[in-house]
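J.: prediction below, plus the sequence it came from.
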Amino acid sequence: MVNETILVTGATGQVGKRLVPRLLSWRENGDQIRVLVRTQQAAEHFANLGALPVVGDLLEAEDRKRALDAVTSVVNNAATFRGPEVSDADMFAVNRDAAVALAEESAQAGVRRFVQVSTNLVYGPGIGRPVREDDELRAVVTPQQRAYPASKREAEERLRELSGESGLDIVTLRLAFVYGDRDPHIENILPRFNAAAANEPMAMVHHADVAQGVHRALRVLPSKQSSYRAYNICGDAVSTVFELHELVGRSMDLAAAEGRTAADPWYGVPDTTRAYRELGFRPIYPSARAAWRDGAL
């Protein structure tokens, strides 16, 4: 078997810093995991784990070129999220423009497969049933979500076109709300639900299952020319805002929530049938409650 050199971007983020150690533990003899990081401190950390660091910025073409040298597969996990210090332009620059540029350069460099880490938010409003990968992507810039879902949607649309034009094998993983492994994501998002209904749905995926999805996208799928494939990656059970409060030991103000109903009971709820059938994906943590039970929050 030909040895793989897998480039991972976004290695220092909440997903990346949990993904890279798992990929390192699953690599086969002779395989290498390379990470593109912005600081020498981060480079030393990942080198100590056994990864090959490249210090550079994803927004810089020369840094991307250095990172892609002799790479066989790419996992583009880099993303810029909502935050007071982050503008919509920042999100489009990283989530769309840098992703597309990296894929274009990957095609030119002879990369075998490009795995794009995306979000289930690209679907936009619910459609009365769990969303499937072939459904229309309708995410737009909104006051609540800002440009994050729209920037990821536009990246996907351009990557699909690029796959057809260049022959680069691109696999997109649309993640549900990511949690677990002491990630503060649940606690950080609770203030956004102060005016939510207790039964507001939240489709969730544990970090262990994100890593499983990435690993399977890299290893299980046969390579295809001019192929673009997308997969929903999620647990089996949809949680609620009420349950999120319970999981982190907080009490939801049910009196204040009385009379409220979920504005869109299907928002972000995905169908994972394709991932089951084609990737062999089986959630290690089928629900957030199961992760809590096993001490994996």
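T.: In hand now; what should we look at?

J.: drop to CA atoms for contacts and neighbour counts, all remaining ones
T.: OK.

J.: stretch 185-192: how far from the chain's middle?
T.: 18 Å (CA atoms, centre = their mean, to the nearest Å).

J.: can you show me the CA trace of that stretch as CSV?
T.: Extracted as CSV, the C-alpha positions of stretch 185-192 are listed here (Å, rounded to 0.1, in the frame of the first residue of the first chain):
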residue,chain,number,x,y,z
HIS,A,185,-19.3,24.3,23.1
ILE,A,186,-22.5,23.4,24.9
GLU,A,187,-22.0,25.8,27.8
ASN,A,188,-20.9,28.6,25.4
ILE,A,189,-24.0,28.3,23.2
LEU,A,190,-26.6,28.2,26.1
PRO,A,191,-26.9,32.0,26.3
ARG,A,192,-28.2,32.0,22.7
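
J.: my guess is Glu136 meets Val122, correct?
T.: No: the criterion here is CA atoms under 8 Å, and Glu136 misses it with Val122 at 9.1 Å.

J.: quick one: which of the two has more around it?
T.: Ranked by neighbour count (other CA atoms under 10 Å), Glu136 and Val122 place Val122 first, with 24 against 11.

J.: which residues does stretch 36-51 contact?
T.: Residues outside stretch 36-51 that contact it (CA atoms under 8 Å, 6 or more residues apart in numbering): 7-12, 21, 24, 32-35, 52-58, 67.

J.: the same query, at a cut-off of 7 Å, please.
T.: If you take CA atoms under 7 Å, 6 or more residues apart in numbering as the criterion, stretch 36-51 is touched by 8-9, 11, 32-35, 53-57, 67.

J.: could I get those as a markdown table with pLDDT, distance to Gly126 and secondary structure?
T.: Formatted as a markdown table, the contacts of stretch 36-51 follow (pLDDT from 0 to 100; distance: CA to CA, whole Å; DSSP: H, G, I helix; E, B strand; the rest coil):
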| residue | pLDDT | distance to Gly126 | secondary structure |
| --- | --- | --- | --- |
| Val8 | 98 | 32 | strand |
| Thr9 | 98 | 30 | strand |
| Ala11 | 98 | 31 | coil |
| Gln32 | 98 | 40 | strand |
| Ile33 | 98 | 37 | strand |
| Arg34 | 98 | 38 | strand |
| Val35 | 98 | 36 | strand |
| Pro53 | 98 | 40 | strand |
| Val54 | 98 | 40 | strand |
| Val55 | 98 | 41 | strand |
| Gly56 | 98 | 39 | coil |
| Asp57 | 98 | 36 | coil |
| Ala67 | 98 | 38 | helix |
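
J.: identify the farthest-apart pair in those.
T.: Greatest spacing in those, by CA to CA: Gln32 and Asp57 (20.4 Å).

J.: between the two, tell me which one has more neighbours.
T.: Using other CA under 10 Å as the criterion, Gln32 and Asp57 rank with Gln32 on top: 20 against 17.

J.: for stretch 82-101, list the C-alpha coordinates in CSV.
T.: The C-alpha coordinates for stretch 82-101 follow below in CSV (Å, rounded to 0.1, in the frame of the first residue of the first chain):
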residue,chain,number,x,y,z
ARG,A,82,-19.2,33.8,15.0
GLY,A,83,-17.7,36.1,17.6
PRO,A,84,-17.5,39.8,18.4
GLU,A,85,-14.0,40.1,17.0
VAL,A,86,-14.9,38.2,13.8
SER,A,87,-16.5,40.0,10.8
ASP,A,88,-18.6,38.4,8.1
ALA,A,89,-15.8,39.2,5.7
ASP,A,90,-13.4,37.1,7.9
MET,A,91,-15.8,34.2,7.7
PHE,A,92,-16.0,34.3,3.9
ALA,A,93,-12.2,34.7,3.7
VAL,A,94,-11.5,31.5,5.6
ASN,A,95,-14.5,29.4,5.2
ARG,A,96,-15.0,30.0,1.5
ASP,A,97,-12.1,31.7,-0.2
ALA,A,98,-9.2,29.9,1.5
ALA,A,99,-11.1,26.5,1.3
VAL,A,100,-11.6,26.9,-2.5
ALA,A,101,-8.0,28.1,-3.0
